[in-house]
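Participant: Provided below are the primary sequence and the corresponding predicted coordinates.
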Amino acid sequence: MSDTISIAIIGCGFVADYYLITLKKYPNLKVTGVYDLDSSRSEKFAQNYGVDIYQSFEEILEDTQVDIVVNLTNPDSHFEINLASLQAGKHVYSEKPLAMKLEEAEKLVEIAEEKGLQLSSAPCSLLGETAQTIWKALREEVVGKVYAVYGEMDDGLTHKMPYKSWVSQSGIPWPYKDEFEVGCTLEHAGYYLSWFPAFFGRAESVTSFSSTLIEDKNTDVPLDYNAPDFSVACIKFASGVVVRLTCSIVGEHDHSMRMFGDRGILSTPDSWFYNAPVHIRRMFNIRRKMIISPIKQKYPLVGSKTKFKYSGAFQMDFARGIAEVADAIRENRSSRLSARYSLHVNELVLAIHYATENSSTYQVKSTFEPVEPMTWAK
């Protein structure tokens, strides 16, 4: 097989810019073309990045050059697009989630496995330097045995921000109607939930609460569905670790994560920065009392620090997940973000998103093969 893997992108919305910008880091990934239902958006996007345009989704499916379909459409379209792509014999890398219903995501995985195709889902932040560094520190037990993890994905009062003026680098407006209808849990929980199964093994149960606290998001068009804007979940992993994860567009901006071990605390300030620092606070005894040091020690980051040429409240290599799928195709192996792993993360996120104020504990169904760290992080 040639070293070059060809990809077609469907969906030229707000997030697509971040993919095209970071794809430049991977010369062996060739964009055969892009497509969007809104032809004016396709044209504007293609002109900005110097790529070709497909006239229809069917043209992508019929193009024998295309190895991977990259699905950047609205989440409500993910299942339909992913299904058609797999049935056409294409590998798939999908924005989160794989599907909005668990049974649909399960069907995608079954088809991918039947056809021997790669199926993977964003976010790919597990492959980033910060996540890989934390994983290395856990393997080395630098804070001892970890019992509990607190993760925060709060973005502040988004509905009071000037979100109607937010535009991507190619001039695409932030899709606030879609964002509020999908909700912060489906949009953001995966940035941490895609880390923890690799670190701690499969999740066994999810006990969660979600609610819509802000009825009026100040939109100039009515929302078809006002998704939960606050959720909190406790996830029990087979290894015994419990994760408490909060998502909201209510609490003040906080993307931090802390891991509590019997010899200290391992933490990072933000999962949206691939080079965010990793800190250790040591535990020690003084006069029969257990004290946590107020001094943070930096644990050295693995990998190489990379700056991404775009502005925003994050620094992420969006194309790294596609590159991992391409490597898996070349090496005839399963991607680190495999179909089963992506399904597991998808199931956890859906369990939290669809929780009600009277929900009970959800027993997780899916399983996956253990994930390998990046070679440069071992």
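Facilitator: The structure has been received and is ready for your questions.
Participant: Determine the number of other residues adjacent to the closest residue to Ser170 other than its chain neighbours.
Facilitator: Closest residue in space to Ser170, ignoring its immediate chain neighbours: Asn48 at 4.3 Å, by CB to CB, 6 or more residues apart in numbering. Placement of C-beta: from N, CA and C, glycine included. The burial count assigned to Asn48 is 16, neighbours taken as other CB atoms under 10 Å.
Participant: if I've got this straight, Asn48 is in a helix?
Facilitator: Yes - assignment of Asn48 by DSSP: H, G, I helix; E, B strand; the rest coil places it within a helix.
Participant: Could you check how far it is from Tyr93?
Facilitator: 21 Å (CB to CB, to the nearest Å).
Participant: Would you map the helices across the chain?
Facilitator: When assigned using DSSP state H, the helices of the chain occupy the ranges 16-23, 39-49, 57-62, 75-87, 102-115, 129-139, 176-182, 184-188, 190-193, 196-200, 320-331, 339-353.
Participant: Val167 is nearest to which of these?
Facilitator: Closest of those to Val167 is helix 16-23, at 9.6 Å (criterion: CB to CB).
Participant: Residues in contact with that closest one: which ones?
Facilitator: In this structure, residues lying in contact with helix 16-23 by CB atoms under 8 Å, 6 or more residues apart in numbering are 9, 29, 31, 34, 45, 49, 51, 70, 72, 168-170, 172, 308-310, 312, 316-320, 322.
Participant: Which pLDDT does the model give the nearest residue in space to Lys164 that is not next to it in sequence?
Facilitator: Take Lys164 and drop its neighbours on the chain: the residue closest to it by CB to CB, 6+ apart is Tyr176, 6.7 Å away. As summarised for this prediction, Tyr176 has a pLDDT of 95.
Participant: Check Thr306 too.
Facilitator: Spelled out, the predicted local distance difference test score at Thr306 is 72.
Participant: residues near it, how many?
Facilitator: As a burial measure, the neighbour count of Thr306 was computed by other CB under 10 Å and equals 14.
Participant: Next up, phi/psi of it, please.
Facilitator: Main-chain dihedrals, Thr306, degrees, to the nearest 10: phi -130, psi 130.
Participant: Please apply the same query to Arg263.
Facilitator: In this entry, Arg263 is assigned phi and psi values of phi -130, psi 10 (degrees, to the nearest 10).
Participant: so how far is Val241 from the residue nearest to it when sequence neighbours are not counted?
Facilitator: Nearest in space to Arg263, with sequence neighbours left out and distances taken as CB to CB, 6+ apart, is Gly144 at 3.3 Å. Counting by CB to CB, the separation of Gly144 from Val241 is 13 Å.
Participant: go on, Gly303?
Facilitator: Distance of Gly303 to Val241, computed by CB to CB: 25 Å.
Participant: Equivalent analysis for Tyr49, please.
Facilitator: Separation of Tyr49 from Val241 (CB to CB) stands at 42 Å.
Participant: just Leu23 next, same as before
Facilitator: Following CB to CB, the distance that separates Leu23 from Val241 is 35 Å.
Participant: next one: Phe209
Facilitator: Here Phe209 is placed at a distance of 20 Å from Val241 (CB to CB).
Participant: need the strands for the stretch 251-378 of the chain, in chain order.
Facilitator: 257-261, 264-268, 278-286, 289-292, 297-299, 362-363 (DSSP state E, counting those that start in this stretch).
Participant: Quickly, which of those bottoms out on average pLDDT?
Facilitator: Mean pLDDT is lowest for strand 289-292 among these, at a mean of 73.
Participant: could you list every residue that touches Val206?
Facilitator: Taking CB under 8 Å, 6+ apart as the definition of contact, the neighbours of Val206 are 233-236, 348, 351-352, 355, 361-362, 364.
Participant: List buried residues within those.
Facilitator: 233, 235-236, 348, 351-352, 355, 362, 364 (16 or more other CB atoms under 10 Å).
Participant: before we move on, back to that, could you identify the most distant pair in the contacts of Val206?
Facilitator: Of all pairs drawn from those, the one with the longest distance (CB to CB) is Lys236 and Ala355, at 15.0 Å.
Participant: Quickly list what Arg282 is bridged to.
Facilitator: Gly264 (DSSP bridges).
Participant: mind listing what it touches?
Facilitator: 263-264, 292-293, 295, 297.
Participant: and if you look at Asn226?
Facilitator: Shown here is Asn226, whose contacts under the criterion CB under 8 Å, 6+ apart are 180-181, 212, 215, 217.
Participant: What is the nearest of these to Pro162?
Facilitator: The shortest separation between Pro162 and any of the contacts of Asn226 is 13.4 Å, and it belongs to Lys217 (by CB to CB).
Participant: burial measure for that closest one, as a count.
Facilitator: For Lys217, the count of nearby residues is 20 (other CB under 10 Å).
Participant: which of the contacts of Arg282 count as buried?
Facilitator: Among the contacts of Arg282, those classed as buried by 16+ other CB under 10 Å are Gly264.
Participant: what's the most distant pair in the contacts of Arg282?
Facilitator: With CB to CB as the measure, no two of these lie farther apart than Arg263 and Ile295, at 14.8 Å.
Participant: ok, Gly321 to Asp36 distance?
Facilitator: Relative to Asp36, Gly321 is positioned 21 Å away (CB to CB).
Participant: ok, those two, which is more surrounded?
Facilitator: Shown here are Gly321 and Asp36; by other CB under 10 Å, Gly321 has more neighbours (27 against 24).
Participant: Verify the contact between that one and Tyr341 for me.
Facilitator: No - here Gly321 does not reach Tyr341: they are 11.6 Å apart, not a contact under CB atoms under 8 Å.
Participant: Got the domain ranges for this protein?
Facilitator: By the record's domain assignment, the chain is partitioned as 5-121, 126-312+337-377 (automatic domain parsing).
Participant: just how off-centre is the shortest one within its chain?
Facilitator: Centre-to-centre, domain 5-121 and its host chain are 16 Å apart (CA atoms, centre = their mean, to the nearest Å).
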